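K.L.:
Sequence and computational prediction follow.
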Amino acid sequence: MTTDTLNGPAETEVPRHDWLLYSGMGAVGLAAAASSYAALQDLAMRTGWWPWLSWLLPLTTDAYAMTAVRVWLGHSTRSTRARAWAKANAIGAIVLSVAGNAVDHAIASHVIAVSWPLIVAVSAIPPVVLGLLVHMAHLRALPPAAPASGTPAAEGRRQTPPPAMAAPPLPIPPAAPAKPKRRQPRRPVTDGGKRQALSPGPTDEELIEAARERSAAGQEPSATWLIKTYGIGTRRAGRIRDAALDSSAPEPKSADESTTEAELVLTSGES
């Protein structure tokens, strides 16, 4: 048996710091930062930035790239969405820095001229970068997403023993039948069961006069108009219409006139 078997599992070897690697990375980083800084500052001045503020453009671009890479590769980032967003922003920041350097050198070589779309694009870099970084900070504060089913973490959770089964619920007794509702007795009629007398309608003389006025106004006194206006029957409406149109026909007598004529006949008979 080996010594590792007797003394337990062998400890993992901690990687040693490679100072030569770190030195090379630092030298390349300083050279790249200096050259990119100078090109981006020159681009800001060419597009109308004030000289005492032109250094903010390279600082914004390089700080944006460094922050995005830190969130992307840092162990403190727990949200998968934040890590994916930081990765996309890191690549975008590097592409933005490369494009800015290329545009500045192209302008210096008189390959392209400074135009208004270029001025708008360079001026929009600071606010756009600020909005992207704020969104990145919000995503970084989110808790890690729950593992989906089928992942090793979810399978490990399934190995926990299930809780004890609860006792079955007791049967619910049937509810008592509802009692039928008693009907309320009808209230007695207070007016003695008599119907209220309807108000008398217009007489035939009034209807004929109204029909004649309508005819004098140039409108036809039809039976339909009489029925809808005064609510009379069909036969009476036809009679009123004919009497109104026939001016020579005698008008229907009222009840008082009929009574007076009957009294005169009886008086003459008695004499």
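P.N.:
Everything's here; your move. Residues are numbered from 1 along each chain as shown.

K.L.:
Low-confidence bits of the chain, can you list those?
P.N.:
1-16, 145-168, 170, 173, 176, 184-200, 247-271 (pLDDT under 70).

K.L.:
so where do the helices sit in it?
P.N.:
In the chain, the helices defined using DSSP state H lie at 3-7, 19-46, 56-73, 80-108, 116-123, 125-140, 152-158, 204-216, 223-230, 234-245, 255-270.

K.L.:
what comes into contact with the third one?
P.N.:
Under the contact criterion CB atoms under 8 Å, 6 or more residues apart in numbering, helix 56-73 has outside partners 33, 36-41, 43-44, 49, 77, 82-83, 86-87, 89-90, 92-94, 96-97, 100, 122, 125-126, 129, 132-133, 136, 140. Every C-beta, even on glycine, is put in place using the N, C-alpha and C of the backbone.

K.L.:
quick one: buried residues of that helix?
P.N.:
Residues of helix 56-73 classed as buried: 56-58, 60-62, 64-65, 67-69, 71-72 (neighbour count, 16 or more other CB atoms under 10 Å).

K.L.:
try the second one
P.N.:
Using 16+ other CB under 10 Å as the burial criterion, the residues of helix 19-46 that qualify are Ser36, Tyr37, Ala39, Leu40, Gln41, Asp42, Leu43, Ala44, Met45, Arg46.

K.L.:
What is the nearest of the buried residues of helix 56-73 to Tyr22?
P.N.:
Nearest to Tyr22 among those is Val69, at 16.7 Å by CB to CB.

K.L.:
okay if I get the buried residues of helix 19-46 as CSV plus distance to Ala217?
P.N.:
CSV is the format used below for the buried residues of helix 19-46 (distance: CB to CB, whole Å):
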residue, distance to Ala217
Ser36, 99
Tyr37, 100
Ala39, 98
Leu40, 94
Gln41, 96
Asp42, 97
Leu43, 92
Ala44, 91
Met45, 93
Arg46, 91
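
K.L.:
before we move on, back to that, what about burial for the contacts of helix 56-73, which qualify?
P.N.:
36-37, 39-41, 43-44, 49, 77, 82-83, 86, 89-90, 93, 96-97, 100, 122, 125, 129, 132-133, 136, 140.

K.L.:
Dump the buried residues of helix 56-73 into CSV; add distance to Pro117 as well.
P.N.:
Listed next are the buried residues of helix 56-73 as CSV, based on distance: CB to CB, whole Å:
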residue, distance to Pro117
Leu56, 21
Leu57, 17
Pro58, 21
Thr60, 20
Thr61, 19
Asp62, 24
Tyr64, 22
Ala65, 24
Thr67, 28
Ala68, 26
Val69, 29
Val71, 31
Trp72, 31
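
K.L.:
Now for those residues: which two are most distant?
P.N.:
Largest pairwise distance in the buried residues of helix 56-73, by CB to CB, is 24.0 Å, between Leu56 and Trp72.

K.L.:
how does the chain divide up, domain by domain?
P.N.:
The chain is divided into the following domains under automatic domain parsing: 25-143, 204-261.

K.L.:
I'm done for today, thanks for sticking with me.
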